[in-house]
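Asks: Provided below are the primary sequence and the corresponding predicted coordinates.
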Amino acid sequence: MVCGFVAAIFIIRRLSRSMGQKNTEHITTAALYSLIAGVVGARLFYVVHYWQQFRGGRLIDIFAVWNGGLELLGGVFLAIFIIVLYLRTQKLPIRRYLDILAIGLMLALVFGRLGCLLNGCCFGKPADSVISIRFPYGSLAYQSQVRPDFARHREKPYIELPDDFFNIDNNYYYLKPYDLLNSQEKFEVTQGPYRCRPVWPTQIFESISALIGCILLYIHRKRGIRLQSIGETIPIFFRPGVTFALMFVIYGIMRFFIEFLRDDNPFQANGLTISQNLSIAMVLGGFLLIWLFGKAKPDKII
């Protein structure tokens, strides 16, 4: 997340130079606010989505982001809200700032999903492919594979792991730490029949898709700036704010299809995951914003 934030700051500062030094500092401040809001929003979205994990627990567990549990879309939505609020209070050209920030957000996602890969979250479905990856014993993917997942209509686990590999507490089976396994058990979960099944590298798919999206947004904004500089009538599709709107369309489509390869989010409304339903809303909202920004009066650089 930090690497993604630094990369985003670098690119938005460079893109905002044409708007003047004062505006460059404003956009950096807005990005700092978005980082804080992004972490808070991602955590709140996760807590609400998985409230059963926190019900009856300690209050500190809700804030314990160091134990994992962040959902990207919640962070994006709150970050955008805080950015727009800041730009309005400073009376800044909101649409032009949002165009730049959209490119930065997509670049941050490139690094953020690599963080998901290292953390082991957002994992894919089992797949026998040359590009599949295999997570270790005890990882989130492994724990998912050794248990049924009724929220995903999976009544049997992928791996029929014997009870000897679990500690039982209040009728709940906790996977034993790797260090407490004997030599035979260690062999079985690393090289034998109970090792983690290979899965689609969905984190890498989304990272690459985000990079492509970032490049497309950059090209789109550059095209709009060029049309403005030569004094041509700017088509609706290239007017200020449309780059930002396209971010929702591009990310919504990308996330919707990648969700079919993921194996972590539960199915909810319409037989889709919550991320897929939000992706549909994002695409529709993105097209609505394109239409609204195309009709809006031009804003001014101050």
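Replies: Noted; the coordinates are in hand.
Asks: Strands along this protein, start to end?
Replies: For the chain, the strands defined by DSSP state E cover 166-169, 172-175.
Asks: can you tell which of the ones you listed is closest to Arg154?
Replies: Nearest to Arg154 among the strands of the chain is strand 172-175; the distance by C-beta to C-beta comes to 16.3 Å. For the C-beta atoms, the positions are set from N, CA and C on the backbone; glycine is no exception.
Asks: so where is the stretch 1-150 of the chain shaky, pLDDT-wise?
Replies: 19-23, 52-57, 59, 65-69, 73 (pLDDT under 70).
Asks: For Tyr174, which non-adjacent residue is closest in space?
Replies: Leaving aside its sequence neighbours, Tyr174 sits nearest to Asn167 (C-beta to C-beta, 6 or more residues apart in numbering; 4.6 Å).
Asks: Actually, Tyr158.
Replies: Closest residue in space to Tyr158, ignoring its immediate chain neighbours: Gln145 at 4.2 Å, by C-beta to C-beta, 6+ apart.
Asks: looking at it, the one you found is touching Arg154, isn't it?
Replies: No - the pair Gln145 / Arg154 is not scored as a contact, 9.8 Å apart, by C-beta atoms under 8 Å.
Asks: Same drill for the two, tell me which one is more crowded.
Replies: Gln145 (23 against 14; other C-beta atoms under 10 Å).
Asks: What about the closest residue to Ile36 other than its chain neighbours, how many residues nearby?
Replies: Distance criterion C-beta to C-beta, 6+ apart; nearest residue to Ile36, sequence neighbours excluded, is Ile82 at 7.9 Å. Residues lying near Ile82 (other C-beta under 10 Å) number 19.
Asks: Trp200 now?
Replies: 21.
Asks: Next, format the strands of the chain as a markdown table and append mean neighbour count.
Replies: Below are the strands of the chain laid out as a markdown table (neighbours: other C-beta atoms under 10 Å):
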| stretch | mean neighbour count |
| --- | --- |
| strand 166-169 | 11 |
| strand 172-175 | 12 |
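Asks: how about those strands, which one is nearest Trp291?
Replies: Nearest to Trp291, of the strands of the chain and by C-beta to C-beta, is strand 172-175 at 50.7 Å.
Asks: and that closest one, which strands flank it?
Replies: strand 166-169 (antiparallel) (DSSP bridges).
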